[in-house]
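[1] pasting the sequence and the predicted coordinates here, then a few questions.
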Amino acid sequence: MIHIQVNKCYFFYNDLFKYHISMDCALLSFLTHTEDHAYIIDSGKSCGYESDRITRVNELIIEQNSFVFCSFFQDIEQFLPILDKESGVKIINVWHGMPLRTIGFDDFYEKEFSFIKGVDGYQEFIEHFVVSQKYVSIFEKGFKTYENKVHCIGNIRNNAQIVNYGLRGFDNKIALFAPSANNFKAFLSVSEQLNLEISDEELNYFLRDEGIVLLYKEHPGTLNPVPMKLYTNLIKINDVDMKNFGVQIGNLIQDIDVFITDFSSLIVDFLCRNKPVITILPKYDAFKKRAFIIAPDVLYGEKFSCEESFIALLKNKIELSKSDPHTRMLQDSLSLTTVDAGYEFVKRLQLIAMS
């Protein structure tokens, strides 16, 4: 067992994405074996992580020679005043998800974000962890950091020892549809977001006839949430539901048969677990805003034109499972590894602590 030789570990919790951050806090604490000297930094709301060592940011005193884990880059800014050689504090930036686009920070000097500008001059105290070599140059350029400060270790959530709660009460095959955030003035039905010209009620009939349950997970940043009726096989889930059932999105991956999205970063979590995915074209021109890491003709290489072809594609993915060729192509395009990344992560942290 590897132990990290640091004074304390602080896990900064950002309330924006509960299903990512609270899982990361628990997982990082487990992987680093720091339960006895780990502290959760709460950004202002309850993080849902069971610990009696929770503190507020404005009450916090970071001890010397400690690690501060941040999932969102903008959260680093508030810790800059304590970053110097004397304090020995290091920021561990474990990105909350690996994006399929170039994260909007393509040119460091053209951006006005204070949380990007603010880190210039503090790069030696900030370490970034990414899941693929594909992201090293993106982070190096986007955050104006050094190549040796971006560590490619694989997906730490793909850890063999993660406690999986699983889904209870479903005998059917399960698909999860989790699109990225949208800012449409009016809400779109689930069927509309899937580019289907039928109602959600009709989609439910198709799913029920084929013995498939489609879970719809709305992005927390969506401007107009979808109001949904109660259907047998088309079910909306949200952060509140998952908290009540005591599960995180990462815990559900093992029980999801197919993942559907436009370009949510959750796709990486499923690909790292060898889970088949279906990618659908966004309802707006997302390509104008940022470059995509995967060529669009590869990312959106599979197409369906109607509800029958959509259901047929779902069934085919479920049958092929790990041997699905399009899923393999996406894995190769992102240079993803499906190995357990937990040990490599802790080993790299140990080297950082000793440097």
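    In hand now; what should we look at?

[2] tell me where the model's unsure across this structure.
    1-4, 13-60, 96, 102-116, 158-170, 183-186, 239-251, 284-290 (pLDDT under 70).

[3] please report how far the residue of it most remote from its centre lies from residue 65.
    Distance from the centre of the chain peaks at residue 86, with 33.7 Å (Cα atoms, centre = their mean). Counting by Cβ to Cβ, to the nearest Å, the gap from residue 86 to residue 65 is 10 Å. Where C-beta positions appear, they are placed from N, C-alpha and C, glycine not excepted.

[4] measure the residue most central in space within the chain to residue 302 for me?
    Computing the C-alpha centroid of the chain and ranking residues by Cα atoms, centre = their mean puts residue 97 first, at 3.2 Å. Distance, residue 97 to residue 302, by Cβ to Cβ: 22 Å.

[5] okay, helices next: where are they in this structure?
    According to DSSP state H, the chain carries its helices in the segments 18-31, 114-117, 134-142, 190-193, 200-210, 239-245, 249-252, 266-272, 296-299, 307-320, 325-333, 342-354.

[6] out of the ones you listed, flag the one nearest residue 125.
    helix 342-354 (10.5 Å; Cβ to Cβ).

[7] need the contact list for the residue lying closest to residue 225 once chain neighbours are set aside.
    Using Cβ to Cβ, 6 or more residues apart in numbering and skipping residues adjacent in sequence, the residue nearest residue 225 is residue 218, 5.7 Å away. Contact analysis of residue 218 by Cβ atoms under 8 Å, 6 or more residues apart in numbering lists 178, 179, 225, 226, 236, 238.

[8] now do residue 259
    175, 176, 178, 266, 267, 270, 275, 276, 277, 278.

[9] leaving out sequence neighbours, find the closest residue to it.
    residue 270 (4.2 Å).

[10] neighbours of residue 124, how many?
    14 (other Cβ atoms under 10 Å).

[11] and it, how far from residue 280?
    42 Å.

[12] what domains does the record give for the protein?
    Domain assignment of the chain by automatic domain parsing yields the ranges 9-160+340-354, 173-333.

[13] these two touch, right, the residue nearest to the centre of the chain and residue 268?
    Yes - assessed by Cβ atoms under 8 Å, residue 97 is found in contact with residue 268 at 6.7 Å.

[14] can I get the CA coordinates of stretch 202-219 in CSV?
    C-alpha atoms of stretch 202-219 as CSV (Å, rounded to 0.1, in the frame of the first residue of the first chain):
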residue,chain,number,x,y,z
GLU,A,202,-44.7,7.3,-28.3
LEU,A,203,-41.0,6.7,-27.6
ASN,A,204,-42.0,5.1,-24.3
TYR,A,205,-44.2,2.6,-26.2
PHE,A,206,-41.3,1.7,-28.5
LEU,A,207,-39.0,1.2,-25.5
ARG,A,208,-41.5,-0.8,-23.5
ASP,A,209,-42.2,-3.2,-26.4
GLU,A,210,-38.4,-3.9,-26.7
GLY,A,211,-37.8,-4.3,-22.9
ILE,A,212,-35.5,-1.3,-22.7
VAL,A,213,-35.6,1.4,-20.0
LEU,A,214,-34.2,4.8,-21.1
LEU,A,215,-33.0,7.0,-18.2
TYR,A,216,-32.8,10.7,-19.0
LYS,A,217,-30.2,12.6,-17.0
GLU,A,218,-30.4,16.3,-17.6
HIS,A,219,-27.3,18.4,-17.4
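
[15] list the buried residues in it.
    For stretch 202-219, the neighbour count (16 or more other Cβ atoms under 10 Å) marks 203-207, 212-219 as buried.

[16] out of these, which comes closest to residue 146?
    residue 219 (32.3 Å).

[17] the closest one - nearest residue in space that isn't next to it in sequence?
    Closest to residue 219 by Cβ to Cβ, 6+ apart is residue 181, at 4.1 Å.

[18] run a quick neighbour tally on residue 256.
    Residue 256 has 20 nearby residues by other Cβ under 10 Å.

[19] same question for residue 87.
    15.

[20] residue 292 now?
    By other Cβ under 10 Å, 16 other residues sit near residue 292.

[21] ok, now how distant is it from residue 206?
    30 Å.

[22] got the contact list for residue 130?
    95, 98, 136, 139, 150, 151, 152, 153.

[23] give the contact list for residue 324.
    Residue 324 neighbours (Cβ under 8 Å, 6+ apart): 276, 317.

[24] do that again at 10 Å, thanks
    258, 274, 275, 276, 277, 278, 302, 316, 317, 318, 330, 331 (Cβ atoms under 10 Å, 6 or more residues apart in numbering).

[25] go on, residue 7?
    Neighbours of residue 7 in contact, by Cβ under 10 Å, 6+ apart: 37, 62, 63, 64, 65, 66, 67, 88, 89, 353.
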